[in-house]
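Enquirer: Provide a 3D model corresponding to the input given below.
(chains A and B)
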Amino acid sequence: MIQDWRDIVQILLNGVMAGSVLMLPAIGFNCIFAVLRYPNFAIAGFATTGAFAGWVANAVYGWPIGLALPLAFLVAGLVSLLAEEAAFRPLRPAGPLTVAIASVAMTILLENIIRFSFGNDLRGYDLPILRDWRFDGIRVNPQQLQNTGYAIVAAGGLFLLLGFSRLGRAMRAVADNPVLADIKGVDPNRIARVAVFLGGGLAGCGGMLIGIDTSIDPLTGFRVVLSVFAAAVVGGLGSIPGAALGAMVVGVGEELAGVVLSPAYRTVTAFLAILLVLMFRPQGILGARN
Amino acid sequence: MEAYLVAMLVFAGFYALMALGLNVIWGLAGMVNLGLVGFFAVGAYASALLTTKLLWPMPLGWAAGALMAAAAGAVMALIVARLRGDYLAIVTLGFAEVIRLVASNEIWLTNGTDGISGIPGPWRGDVSPQGFNLIYLGIVWTAVAVVFVLLARLSHSPFGRVLRAIREDEDIAAVAGKPVLWFKVRAFTIGAAVLGGAGALYAHYNAYIAPDGFAPLLTIYIVLALTAGGVGAMRGAIIGALFVIALLESTRFLSAIIPGVSPVQKAALREGAIALSLILLLRFRPQGLIPEKTRTKAFP
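Expert: As a prediction, the model looks like this:
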């Protein structure tokens, strides 16, 4: 299968392109985990919500992808905020595992709201069909490359927000030490709402990019959820740069495994990556706290 | 109508067994298991394959199903039990998906998404279909009774007390000299064995299994059953299982009388209603319909 260096470059390239799409929901998952300290499995539902919001804008109302993507962010972010305020926040005193269980139920609820409204059929975005570019035997799909660009812009926006704004500093402070941040006058509830909105929104963008790559149905988010967790765990739970790096590792790893094993087992590779990391470096590549 | 009621009670028995298994893991030891349908599937596939391909007798197949699930549970617990609960939630959820993927893709073994049919059932074909249902009703509820008595004894034994101590505060249990990891691994293994046994029984009742039958929704049913019945108390698992069957069937009748919705929409309404009831129950009655008496602080 691997005959010369071009095949290796091709695998790396495909892996990075696949990883960049996984990166957004993984960052969203870790963003919420960093501030609220519970694994929010409803990320899958938010991704599907975003994918469908973007699809309605693009395929029904004819919006270009560049406009539909911010809408996917907004809708998924608001749904995430609503889920948090209505369902998860009252459960927080009962412990992170209770919230985690409720978030699985929330994913199934969102999936079925979408199934009720749109049915089970596969739907595609309204996109021009583009021919692959070829460079010396290496194929690049322009649409995938464009998706990678969108993902990098969205993730870059979050990094700028976290790194250089007052709000970002407050978020990092709460993630680092909520008690201390509270004493210094940072309102933890406000920060939690921002984290939940951003996390859900990024998941929505990721869901739409996944949908552009293939097609969408009510299970779009759930199908990639294992790879998203793998990215979050490999990079380090609660670490946002970790989620980005973890997504690349998982993307390339799944692509490599697709060569050796059957392509259907890509997500099995993601699961093995989770187990390996938990056995040898539970805090992940970039996670420090435990 | 009678046949329908018997079939529902058989399913309530499967759910009760699964809820009992989950109760050891979650209720006693306080470990989350969001992939319990994966252990159920391992038991179902193990017993179905051994009895159809290697022609093992059914009771041996059931035992093998429980053992295989227990082995999977032990490995998983060994890897994750020393870490925080969040990791166990992720790993168990992933495990169930991996089992479903393997069952869908290893066509030489599992026949892929077409599933395995013709799984033998005790005296199936020798008696009328209703007779078979009644025989199976007896088998399943005998199993529920046996597992219930064993687990209730376990729960009141020193072993069960240590598990509850670990659930309430792991550090204190460790300071008291209890090997916390070892207790957790054993609790998880016992629970997984019960889940696998339930799966094996299910396979031989249904005569047909396919990856679609092991969707994450089933995990939600069982978590809902245990939450409704009261986490921690063994009888809560059984009451909760009956509650979930009643809820599932009443949503079936309710969705049937709503006019102007397609079958897909009806299914979506039912599944959504189950998910919503779990969220509402966690919110408004986390201690369950019948709370555990010894519970002290888990839900402040």
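
Enquirer: Okay, residue B:134 and residue B:58: tell me how far apart.
Expert: 17 Å (CB to CB, to the nearest Å). Yep, even glycine has a C-beta here, placed from its N, CA and C like the rest.

Enquirer: same deal with residue B:195?
Expert: Distance, residue B:195 to residue B:58, using CB to CB: 19 Å.

Enquirer: For those two, indicate the residue with more neighbours.
Expert: Comparing residue B:195 with residue B:58 by other CB atoms under 10 Å in any protein chain shown, the one with more neighbours is residue B:195, at 34 against 18.

Enquirer: And the helix or strand harbouring the more buried one, what does it pack against?
Expert: Counting by DSSP states H and E, the element that carries residue B:195 is helix B:180-206. Helices and strands touching helix B:180-206, as assessed by 3 or more CB pairs under 8 Å, 6 or more residues apart in numbering or on different chains; DSSP states H and E, comprise helix B:2-22, helix B:36-52, helix B:58-80, helix B:129-156, helix B:158-168, helix B:170-175.

Enquirer: Let me know which of these is the nearest to residue B:112.
Expert: Closest of those to residue B:112 is helix B:36-52, at 12.2 Å (criterion: CB to CB).

Enquirer: which residues of chain B score low on pLDDT?
Expert: B:290-300 (pLDDT under 70).

Enquirer: Quick check: residues of the stretch 51-200 of chain B near chain A?
Expert: Counting by CB under 8 Å from any CB of the partner chain, the stretch 51-200 of chain B comes close to chain A at B:79-80, B:83-87, B:89-91, B:93-95, B:97-98, B:101-102, B:104-105.

Enquirer: how about 10 Å then?
Expert: Proximity of the stretch 51-200 of chain B to chain A (CB under 10 Å from any CB of the partner chain) is limited to residues B:75-76, B:78-80, B:82-91, B:93-99, B:101-102, B:104-106.

Enquirer: Show me just the buried residues among the residues you listed.
Expert: B:75-76, B:78-80, B:83, B:85-91, B:93-99, B:101-102, B:104-105 (16 or more other CB atoms under 10 Å in any protein chain shown).

Enquirer: if I look at the residue lying farthest from the centre of chain B, how far off is chain A?
Expert: Among the C-alpha atoms of chain B, the one farthest from their average position, using CA atoms, centre = their mean, is that of residue B:260, at 34.8 Å. Going from residue B:260 to chain A by CB to the nearest CB, to the nearest Å gives 13 Å.

Enquirer: Could you do residue B:20 as well?
Expert: Distance of residue B:20 to chain A, computed by CB to the nearest CB: 18 Å.

Enquirer: Excluding chain neighbours, what is closest to that residue?
Expert: Of all residues not flanking residue B:20 in the chain, residue B:237 sits nearest, at 4.6 Å (CB to CB, 6 or more residues apart in numbering or on different chains).

Enquirer: Can you check my assumption that residue A:134 lies in a helix?
Expert: No - Residue A:134: not assigned to a helix; according to DSSP: H, G, I helix; E, B strand; the rest coil it is strand.

Enquirer: Go ahead and confirm it touches residue A:140.
Expert: Yes - when contacts are counted by CB atoms under 10 Å, residue A:134 is listed as touching residue A:140 (7.7 Å).

Enquirer: the more surrounded of these two?
Expert: Neighbours around residue A:134 and residue A:140, counted as other CB under 10 Å, are more numerous at residue A:140. The numbers are 15 against 9.

Enquirer: What count of nearby residues applies to residue B:213?
Expert: Using other CB under 10 Å, residue B:213 has 19 other residues around it.

Enquirer: Ok, residue B:253 next?
Expert: 8.

Enquirer: Against chain A, how distant is it?
Expert: In terms of CB to the nearest CB, residue B:253 sits 18 Å off from chain A.
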